[in-house]
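K.L.:
here are the coordinates; sequence isn't available:
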């Protein structure tokens with residue numbers, strides 16, 4: 001990784017500030033600042049190793065489409081069964097595989113847990129596990145192909161029992 005002198009100066013200043021405002025981690029910040037000041041380019045990448053690569057917008061949109069589809073399944077289930085509880089795990093959102101679909105799992109967790117969106121997909125459980133422990137993306141992609149064929153968003157949010165079953169069997 002290459003950093004210009006200007007970029008290094010900005011980071012040196014940031015680490016100097018962090019040393020003062022976060023005394024518990026001051027030694028770590030001082031080490032990073034020293035590497036930047038001395039121009040130890042091998043260590044530059046170490047400064048950023050905790051920052052993930054970008055997740056493409058299309059992948060983010062796909063996760064949101066999957067969440068929207070499961071929201072439609074939940075709301076349709078509630079309407080069809082005159083209930084506000086979805087206790088049958090067959091109809092619940094299984095999540096993403098934390099090992100093989102880590103980016104999707106992370107984004108899903110961020111969107112539901114940190115942003116507080118799609119709370120109905122937690123099914124009243126504050127600690128609902130969004131890790132499916134097995135790859136789910138291929139199934140979700142098949143489900144989305146079917147769901148996209150259901151027409152308008154209004155039609156998609158008012159699924160019949162047959163449509164719900166068709167989606168889940170994809």
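P.N.:
In hand now; what should we look at? Quick caveat, the model's predicted, so the values are computed rather than measured.
K.L.:
Would it be right to say that residue 99 lies in a helix?
P.N.:
No. Going by DSSP: H, G, I helix; E, B strand; the rest coil, the assignment for residue 99 is coil, not a helix.
K.L.:
how about it, phi and psi?
P.N.:
When read as degrees, to the nearest 10, the backbone of residue 99 gives phi -90, psi -40.
K.L.:
Show the contacting residues for it.
P.N.:
Going by C-beta atoms under 8 Å, 6 or more residues apart in numbering, residue 99 touches no other residue. (Glycine included, C-beta is placed from N, CA and C.)
K.L.:
Against residue 132, how distant is it?
P.N.:
Separation of residue 99 from residue 132 (C-beta to C-beta, to the nearest Å) stands at 10 Å.
K.L.:
Which residue, other than its chain neighbours, is closest to the spatially most central residue of the chain?
P.N.:
Nearest to the geometric centre of the chain sits residue 107, at 0.9 Å (C-alpha atoms, centre = their mean). The shortest distance from residue 107 to any residue other than its chain neighbours is 5.1 Å, reached at residue 63 (C-beta to C-beta, 6 or more residues apart in numbering).
K.L.:
who touches residue 147 in this structure?
P.N.:
By C-beta under 8 Å, 6+ apart, residue 147 lies in contact with 69, 72, 156, 167.
K.L.:
quick one: which of these has the most company?
P.N.:
Of all the contacts of residue 147, the highest neighbour tally under other C-beta atoms under 10 Å goes to residue 167, namely 23 neighbours.
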